[in-house]
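Novice: With the sequence up front, the predicted model follows.
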Amino acid sequence: ENETGLAAGDGLMLIDGELRGAAGGGTFGVVHPGSEEVVGWASDGGVGDAKRAVGAARRAFDETGWARDVEFRYHCLIQLAEALERQKEWLRRVLVTEVGCPVSVTRSQIDEPIDEVRHWAEYGRRFEYVADNGVHETPMGPALRKIYYEPTGVVGAITPWNVPFYLNIAETVPALMAGNTVVLKPAQLTPWSGTELGRIVAEETDIPAGVFNVVTSDANEVGAALSADPRVDMITFTGSTATGRAILAAASATVKKTLLELGGKSAHIVLDDADLSAALPMAALMACVMSGQSCILPSRILLPRKHYEEGLGILAASMANFPVGDPWTPGIMQGPQISRTQREKVLGLIRAGIDSGARVVTGGGTPENLPVGYYVQPTLLADVDPDSRVAQEEIFGPVLTVTPYDTEDEAVAIANNSIYGLSGEVSGADTDRALAVARRMRTGNVTINGRSHFGIGSPFGGIKQSGLGRRNGDEGFKEYLESKTVGMPV
Ligand code: ADP
């Protein structure tokens with residue numbers, strides 16, 4: 001901890017109720033993306049640590065009352081929510097330190113997830129774990145059927161680095177409240193949002209040993225070990241489609257349940273009656289906050305040809321003046337990319353776009369006034385060929401691609417020309433018409449005129465190669481339960 005606000009976690013894992021380092025003694029550095037400096041250390045756990053954590057989670061599921069005692073789980077998760085609330089400013093600084101996201105935009109990444117812990121505690125307490133399925137005729141006479149919703153078992157939760165605290169909560173708290181036990185594997189770049197959650201669980205709640213475990217590692221093999229371990233019943237994962245495929249393949253050996261939120265390449269169809277001055281500055285903002293490191297970002301803007309140059313002008317003005325800089329400075333809305341590798345990937349895709357005929361309207365490189373830190377200029381690419389790499393691959397940077405279209409059918413076809421199907425956006429004055437277009441988009445979620453699809457009360461997830469299953473909403477809780485239908489004489 002120092003005067004710039006940097007906050008280092010202690011980097012200890014949580015295994016079977018004990019805060020500890022890696023069995024092999026290894027550590028790895030955590031880098032602040034704003035300074036490019038190693039600011040502390042995390043435990044480099046190995047497959048042995050992962051197996052020990054899975055064993056503890058298995059025992060806690062099979063041998064403690066956790067899976068059956070809803071009131072106790074409620075008590076523990078309310079304790080957790082209160083403890084997180086008390087340590088909120090610390091957690092915020094840990095997040096900004098390891099992600100480099102601007103402190104000004106952390107509300108949705110810290111405050112809201114803490115509220116969500118409370119939400120899941122209340123939701124899981126009210127949930128009806130047994131439902132009457134009615135009386136059915138059978139050859140043996142009438143059968144009364146009941147449906148019991150039971151926890152799935154041991155859940156392996158593998159999380160990415162872009163919104164680590166939020167996703168650590170979103171992937172583990174509903175699982176816990178549903179009666180499962182959990183092994184959390186945070187991303188290499190952002191271990192502390194996970195280890196600090198583990199520390200708070202261990203030090204400030206009555207959650208029994210083994211119910212919640214955190215294993216960090218500098219290698220992908222720990223996540224792979226979780227995905228293949230026969231004692232793990234389910235994998236919940238958020239991350240790239242490539243990693244999702246590897247997890248699905250590993251999980252297939254034991255036919256594990258999977259909940260996968262993968263990549264996206266969402267389109268924003270701007271209809272010809274849209275209010276450009278409202279829709280486009282918001283689109284630019286969405287592209288730049290979080291440095292574009294968001295799976296739901298509508299990064300492909302489709303503009304009607306007759307408003308093309310006007311639309312590009314509005315987008316360019318918003319992006320050229322976007323406040324990029326040191327994430328600790330209030331008012332800054334875009335910080336650095338998370339790592340040198342990610343910055344190179346973004347710059348490479350911008351170059352690939354230019355090579356395939358795209359025109360740079362603004363940005364296109366790194367900001368001259370920010371020589372230290374992994375910064376990328378907000379970048380607007382026009383005349384983008386919908387089949388080109390920059391229009392097909394997820395960029396995860398502050399980059400919008402723009403393509404003109406002539407007819408609504410053409411816009412829908414371009415929007416759906418993707419292996420991904422996570423989300424989409426439609427802007428237009430006539431809501432019925434915008435809704436008709438939204439219904440034709442092959443995605444799991446659509447926002448119309450800025451009225452977001454996203455929130456804890458509504459199911460969220462992708463189709464096509466954007467994933468399997470849903471988070472949030474009623475469906476998001478049921479993902480962590482198995483239904484058991486019991487037939488009996490009336
Ligand atoms: P990125 O490539 O942008 O770092 P990933 O989607 O690959 O993002 O990583 C997200 C999470 O998946 C991380 O916690 C990472 O450790 C984990 N992971 C990576 N490879 C595998 C794998 N083969 N099996 C399981 N988890 C993995």
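Specialist: Received the coordinates, thanks.
Novice: CA only for contacts and neighbour counts going forward, please
Specialist: Will do.
Novice: For this structure, which residues are neighbours of the ligand?
Specialist: 158-160, 185-188, 220, 223-224, 239-240, 243, 246-247 (Cα under 6 Å from any ligand atom).
Novice: Return a PyMOL selection command for the buried portion of those.
Specialist: Paste this into PyMOL to select the buried members of the residues of the chain next to the ligand, with burial taken from 16 or more other Cα atoms under 10 Å:
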select buried, resi 158+159+160+185+186+187+188+223+224+239+240+243+247
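Novice: which residues of the stretch 1-150 of the chain fall in strands?
Specialist: Along the stretch 1-150 of the chain, the stretches classed as strands by DSSP state E, counting those that start in this stretch are 13-15, 18-20, 27-32, 37-43, 130-136, 143-151.
Novice: Partner strands of the third one, with direction?
Specialist: For strand 27-32, the paired strands and their directions (DSSP bridges) are strand 37-43 (antiparallel).
Novice: from the stretch 51-200 of the chain, which residue is nearest to the ligand?
Specialist: Relative to the ligand, the nearest point of the stretch 51-200 of the chain is Ala187 (3.3 Å; Cα to the nearest ligand atom).
Novice: What are the phi and psi values at the nearest residue to that residue once chain neighbours are set aside?
Specialist: Nearest residue to Ala187, sequence neighbours excluded (Cα to Cα, 6 or more residues apart in numbering): Pro160, at 5.0 Å. Here the main-chain torsion angles of Pro160 (degrees, to the nearest 10) amount to phi -100, psi -180.
Novice: Give the full set of residues in contact with Pro160.
Specialist: Counting by Cα atoms under 8 Å, 6 or more residues apart in numbering, Pro160 makes contact with Leu167, Pro186, Ala187, Thr190, Thr238, Gly239.
Novice: give me every residue that touches the second one.
Specialist: If you count contacts by Cα under 8 Å, 6+ apart, Pro186 has them with Ile158, Thr159, Pro160, Trp161, Pro164, Asn168, Ser193, Gly194, Val214, Val215, Thr216.
Novice: From those, which land in strands?
Specialist: Counting by DSSP state E, the part of these found in strands is Ile158, Val214.
Novice: can you put the contacts of Pro186 in CSV and add pLDDT?
Specialist: Output for the contacts of Pro186, formatted as CSV (pLDDT from 0 to 100):
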residue, pLDDT
Ile158, 98
Thr159, 98
Pro160, 98
Trp161, 98
Pro164, 98
Asn168, 98
Ser193, 98
Gly194, 98
Val214, 98
Val215, 98
Thr216, 98
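Novice: hang on, the earlier thing: would you turn the strands of the stretch 1-150 of the chain into CSV with mean neighbour count and mean pLDDT?
Specialist: What follows is the strands of the stretch 1-150 of the chain, written out as CSV (neighbours: other Cα atoms under 10 Å; pLDDT from 0 to 100):
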stretch, mean neighbour count, mean pLDDT
strand 13-15, 30, 98
strand 18-20, 17, 98
strand 27-32, 22, 98
strand 37-43, 19, 97
strand 130-136, 13, 98
strand 143-151, 18, 98
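Novice: Of the ones you listed, which is nearest Ala121?
Specialist: Between Ala121 and these, the tightest spacing by Cα to Cα is seen for strand 143-151, at 14.9 Å.
Novice: Show me what that closest one is packed up against.
Specialist: Where contact means 3 or more Cα pairs under 8 Å, 6 or more residues apart in numbering; DSSP states H and E, strand 143-151 is packed against strand 130-136, strand 481-489.
Novice: what does that strand rub up against?
Specialist: With Cα under 8 Å, 6+ apart, strand 143-151 has contacts from 67, 129-137, 178-180, 480-490.
Novice: Now do it against strand 481-489, angle only.
Specialist: Here strand 143-151 points in a direction 160 degrees away from that of strand 481-489 (axes from the mean of the first three to the mean of the last three Cα atoms, to 10 degrees).
Novice: Direction included, what does strand 143-151 pair up with?
Specialist: Here, using DSSP bridges, strand 143-151 pairs with strand 130-136 (antiparallel), strand 481-489 (antiparallel).
Novice: Those strands: which one's closest to Val96?
Specialist: strand 481-489 (33.9 Å).
Novice: And for the closest one, what's in contact with it?
Specialist: The contact list for strand 481-489 (Cα under 8 Å, 6+ apart) reads 141-152, 178.
Novice: chain center to it: distance?
Specialist: Relative to its parent chain, strand 481-489 has a centroid offset of 33 Å by Cα atoms, centre = their mean, to the nearest Å.
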